[in-house]
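Q: Sequence plus predicted model, see below.
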Amino acid sequence: MQHQPATTEVEVFYDGDCPLCRREIDMLRRWDKQEKIEFTDIAAAGFDPAPLGVDMATLMAEIHGRLPDGKLIRGVEVFRRLYAATGWGTAVAVTRWPGVRQLLDLSYRFFARYRLRLTGRCSAGECQLGE
């Protein structure tokens, strides 16, 4: 399994075909002045999830990240790590407070479950995820 360079704090596995996801990733790329994030587009031709030990459906179901030690993280924790890596550590701390944590986790689970529908990516009236 490949790991990020020593200076990388987190690798993010994102859906480059998702317009909302791409916008956030583009913003994070601009903020990542010290190159602490490795960006991996799971929608790119040739991407293979096998070395991660998860399948594509799992990666598509919610955002995943990988820490320098190889540990996979998912959901809101990925965003916490991404924003902390770009200098927003103080704001990230608030997202761990009781109540705030649960609200963010619930909101993200809703978005992740319905993101294909919310971003207009359902084909033939059906979505592969979130049904």
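A: Here it is on my side, so go on.

Q: Tell me which stretches of this protein form helices.
A: Assigned helices in the chain, in chain order: 19-31, 56-61, 76-85, 89-94, 100-118 (criterion: DSSP state H).

Q: So which of those is nearest Glu11?
A: Smallest distance to Glu11 across these (Cβ to Cβ): 9.7 Å, for helix 76-85. Backbone N, C-alpha and C define where each C-beta goes, glycine included.

Q: what separates the closest one from the chain centre, distance-wise?
A: Going by Cα atoms, centre = their mean, to the nearest Å, the spacing between the C-alpha centre of helix 76-85 and its chain's C-alpha centre is 9 Å.

Q: now the helices of the chain as JSON lines including mean neighbour count and mean pLDDT?
A: Compiled in JSON lines, these are given as follows (neighbours: other Cβ atoms under 10 Å; pLDDT from 0 to 100):
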{"stretch": "helix 19-31", "mean neighbour count": "14", "mean pLDDT": "93"}
{"stretch": "helix 56-61", "mean neighbour count": "16", "mean pLDDT": "92"}
{"stretch": "helix 76-85", "mean neighbour count": "20", "mean pLDDT": "96"}
{"stretch": "helix 89-94", "mean neighbour count": "12", "mean pLDDT": "89"}
{"stretch": "helix 100-118", "mean neighbour count": "15", "mean pLDDT": "84"}
